[in-house]
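> For reference, the sequence and a predicted model appear below.
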Amino acid sequence: MPEFMSQSMSTATAAPDARSPLHGFPTICTPRGPVPDGAPRWNPQRSSSMPSHRYRSAFDRVAIPLTGRSWPQARVERPPLWVPVDLRDGNQALAEPMDTPRKRRMFDLLVAMGFKEIEIGYPSASRTDFDFVRHLATSGAVPDDVTVVVFAPARADLIERTFEAVADMDRVVVHLYIATAPVWREVVLGRDRAGVHGVVLEAARQMGRLARARPGADIRFQFSPEVFILTEPDYVLEVCDSLTELWDASPDRPVVHNLPATVEIATPNVYADQIEYMHRHLARRDAVILSVHPHNDRGTGVACAELAVLAGAQRVEGCLFGNGERTGNVDLVNLALNLHAQGVDPMIDFSDIDEIRRTVEHCNRLPVPPRHPYGGDLVYTAFSGTHQDAISKGFAHRASSASDRWEVPYLPIDPADVGRTYEAVIRVNSQSGKGGIAHLLRSGHGVDLPAGMRADFSRAVQHATDESGREATGKDLWNLFEAAYLAPGRDGSVALTSWSAQTGPAGEHRFVCTLRVDDREGDYEGTGTGPVTAFADALAAAGVEAGVLDLAEQGPAGPAGVTTAYARCRVGGEESWGAGRDDSGVAASVAAVLSAVNRARG
């Protein structure tokens, strides 16, 4: 027995780990409680062993005094302001934070994609962050139309350090934050509402003084009530409005109030209600940019951001491909390309999604999953036969249509929009069907199988992929096609040694040939309405039945101008398909009939 098999068996028969409550399916599947009243007989789910009673719903934690919500009827017609936080929030979530070369590569990518406001770090948190901010300040790397954002806690010494980092930078947003939710106030900060508010106001005054000391710089302010999603709405409103007034915000110098779902704890509609409440009630609303910063703890960060924009948010912070603390920040790739798929220009360039992904993977040292929306390796790929058939028909319809509108089944956007080719849209494995197989042969090798032949060839492919358990590449399909249809015409038990096709004065066709049937060779002649029926007649003279039921020619195609022919024949009471390829259409058709004959006899 191979070593790896013996290891697997020893693992499988090891004694159960008594510490693991999930060891073994019988334990998992044992009912934990009675069937609830009203449970349907066809699905009698029972109570689990999980202590769900320890948790409260969001509605029990935060009361939202909102009536007459308008966000469900709203539509997004323009993109929000995008602010990537890969260099700060994303970076602090990495097991190995980025060094300056990686940060610079990420920053250059964000600039190239078209982001005009970029959070570049938390300069008071580490020497590495401080040095990178100074690198940008002194290297001339920041374009004139890009504003950088730096993150600062509500502490006097750290705010001072933050302003040191951005010295010499002309366009800066200084982002002040403090936790405002009850549990954070009581457990982390040890202060009541008034105490936290006082800390925020003192920090904001200090930021104002430091900004006024640099009259030539465009320094604006941002405030984040961390854990907004769990903070009383009236308290957030009180704190935000006081900062809007203190910083004397105006439409030409607005303040940013950024309302984070720091830990996602509710369904997206709850977040939307919270955002709409703030949108309606913030003072000096035309002097405030309402921003959101959703995390993804419930897996609904994208939905939270989208509903928040419907509810009045004008700005979204997130990371490319959703990197960030725990389950990550909201994914800006996903959000922006969702807009693109709805006909709204995201105003960020994703036309080379693979280069973007490679850069992000390099900088973060984390892979992007193959099923990640829009950017994963497999997101435009269909293996299922029904999906492949629909996509293939969609491409064919598009090729014959004068409309530029994208309407291809199962492909929400054109892969070419993000720099993908169509080569990997359809891939073949044991789940694939005849439509997808035919599409790959047509797109990769110029072989357009007749409808009736597709099912015949798909059985050969199905057998091969079932046997191997692996995907069949375009090259694999061609090799299978050649072995199944072209080789029998060359190497079968019936061989055509020489031949000529002639047309008589009355239009009748004569086919004169030398045939080898098994081990017997002879000269034969046949007549018919065309060269192929005349060849079938010559076969009959040699004792080989070959009734031609269907014949199709394709071509000449490709650089060499080769014609491919397909023939369905009745041979000895059995229907058989064959194929042939040649510079001559007649030769290709003759080879197709010969292939069908040999496949039936083989």
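That came in fine, so what should we check first?
> Residue 258 looks like it's in a strand, true?
Yes - counting by DSSP: H, G, I helix; E, B strand; the rest coil, residue 258 is found in a strand.
> ok, residue 236 touching residue 227?
No - here residue 236 does not reach residue 227: they are 10.2 Å apart, not a contact under Cβ atoms under 8 Å. C-beta coordinates here come from the backbone N, C-alpha and C atoms, glycine included.
> any chance you could map the strands in the stretch 151-300 of the chain?
Applying DSSP state E, counting those that start in this stretch to the stretch 151-300 of the chain gives strands spanning 171-179, 218-226, 255-261, 288-294.
> Could you list the low-confidence segments of the stretch 201-350 of the chain?
By pLDDT under 70, the stretch 201-350 of the chain contains no weakly predicted segment.
> Check the chain too.
Residues of the chain meeting the criterion pLDDT under 70: 1-32, 58-60, 385, 422-436, 557-560.
> The spatially most distant residue from the centre of it and residue 529: what is the separation?
Ranked by distance from the centre of the chain (Cα atoms, centre = their mean), the top residue is residue 505, with 65.0 Å. According to Cβ to Cβ, to the nearest Å, residue 505 stands 15 Å off from residue 529.
> Can I get the strands of the stretch 151-300 of the chain in TSV including mean neighbour count and distance to residue 49?
Below are these laid out as TSV (neighbours: other Cβ atoms under 10 Å; distance: least, Cβ to Cβ, whole Å):
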stretch	mean neighbour count	distance to residue 49
strand 171-179	22	33
strand 218-226	22	34
strand 255-261	25	29
strand 288-294	25	31
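> Among those strands, which comes closest to residue 136?
Set against residue 136 and scored by Cβ to Cβ, those come closest in strand 171-179, at 10.7 Å.
> Sheet partners, orientation included, of the closest one?
For strand 171-179, the paired strands and their directions (DSSP bridges) read strand 147-153 (parallel), strand 218-226 (parallel).
> To residue 542, which of these lies closest?
Using Cβ to Cβ, the strands paired with strand 171-179 put strand 147-153 closest to residue 542, at 84.4 Å.
> Need the residue closest to the centroid of this structure.
With distances taken as Cα atoms, centre = their mean, residue 373 lies nearest the centre of the chain, 2.3 Å away.
> where does that residue land in three-state SS?
Secondary structure assignment for residue 373 (three-state DSSP): coil.
> Can you tell me the number of residues neighbouring the residue nearest to it when sequence neighbours are not counted?
Leaving out its chain neighbours, the residue that sits closest to residue 373 by Cβ to Cβ, 6 or more residues apart in numbering is residue 334, at 4.7 Å. For residue 334, the neighbour count with other Cβ atoms under 10 Å is 20.
> and the nearest residue to residue 131 once chain neighbours are set aside, what does it touch?
With sequence-adjacent residues excluded and distances taken as Cβ to Cβ, 6+ apart, residue 131 is closest to residue 100, at 6.5 Å. For residue 100, the contact set (Cβ atoms under 8 Å, 6 or more residues apart in numbering) comprises 128, 131, 132, 135.
> do the same with residue 294
Residue 294 neighbours (Cβ under 8 Å, 6+ apart): 260, 261, 264, 271, 301, 302, 304, 305, 308, 318, 329, 330.
> can you give me the helices for the stretch 251-400 of the chain?
Along the stretch 251-400 of the chain, the segments classed as helices by DSSP state H, counting those that start in this stretch run 268-281, 301-310, 332-341, 353-364, 385-400.
> Out of these, flag the one nearest residue 159.
With Cβ to Cβ as the criterion, residue 159 lies closest to helix 268-281 of those, at 24.9 Å.
> Residue 576 against residue 602, yeah?
No - using Cβ under 8 Å, residue 576 is not in contact with residue 602; the gap is 9.5 Å.
> who has more neighbours, the two?
Using other Cβ under 10 Å, the more surrounded residue of residue 576 and residue 602 is residue 576, with 23 against 11.
> Validate this expectation: that one resides in a strand.
Yes - Residue 576 sits within a strand when classified using three-state DSSP.
> Torsion angles phi and psi at residue 539?
Note on residue 539: its backbone torsions stand at phi -60, psi -40 [degrees, to the nearest 10].
> swap that for residue 412, please
Phi and psi for residue 412, reported as degrees, to the nearest 10, are phi -60, psi -30.
> same thing with residue 501?
Backbone torsions of residue 501, given as degrees, to the nearest 10, read phi -110, psi 130.
> The one 10 residues further on too?
Geometry field for residue 511 lists phi and psi as phi -130, psi 110, criterion degrees, to the nearest 10.
> So what's the residue count around it?
26.
> can I assume it is in contact with residue 537?
Yes - counting by Cβ under 8 Å, residue 511 touches residue 537, with 7.0 Å between them.
> Common neighbours of those two, please.
Common contacts of residue 511 and residue 537 (Cβ under 8 Å, 6+ apart): 526, 527, 528.
> is the last one in a bridge, and if so with what?
Pointing back at residue 528 there. Counting by DSSP bridges, residue 528 forms beta bridges with residue 509.
> and it, how many neighbours?
Other residues lying near residue 528 total 17 when counted by other Cβ under 10 Å.
> Sort out which residues of stretch 464-471 are buried, please.
464, 465 (16 or more other Cβ atoms under 10 Å).
> which residues does the residue nearest to residue 166 when sequence neighbours are not counted contact?
Nearest in space to residue 166, with sequence neighbours left out and distances taken as Cβ to Cβ, 6+ apart, is residue 172 at 4.9 Å. Residue 172 makes contact with 147, 148, 149, 150, 166, 217, 218, 219, 220, according to Cβ under 8 Å, 6+ apart.
> on that earlier part again, got JSON lines for the helices of the stretch 251-400 of the chain, with distance to residue 52 too?
Shown next, in JSON lines, are these (distance: least, Cβ to Cβ, whole Å):
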{"stretch": "helix 268-281", "distance to residue 52": "18"}
{"stretch": "helix 301-310", "distance to residue 52": "22"}
{"stretch": "helix 332-341", "distance to residue 52": "29"}
{"stretch": "helix 353-364", "distance to residue 52": "34"}
{"stretch": "helix 385-400", "distance to residue 52": "37"}
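> if you compare those, which one is most tucked away?
Highest mean neighbour count of these: helix 301-310, a mean of 24 (counted as mean count of other Cβ atoms under 10 Å).
> From the chain's centroid, how far away is the helix or strand residue 553 falls within?
Assigned by DSSP states H and E, residue 553 belongs to strand 547-557. Distance of strand 547-557 from its chain centroid, counting by Cα atoms, centre = their mean, to the nearest Å, is 41 Å.
> strands paired with it, and their directions?
Applying DSSP bridges, strand 547-557 is found paired with strand 562-571 (antiparallel).
> got the contact list for residue 548?
Contacts for residue 548 (Cβ under 8 Å, 6+ apart) come out as 532, 533, 536, 567, 568, 569, 593.
> dump the residue contacts of residue 570.
With contact set as Cβ under 8 Å, 6+ apart, residue 570 has these partners: 545, 546, 547, 549, 576.
> cool, residue 438 as well?
Shown in contact with residue 438 (Cβ under 8 Å, 6+ apart): 392, 448, 449, 454, 457.
> That's all I had, so thanks and see you.
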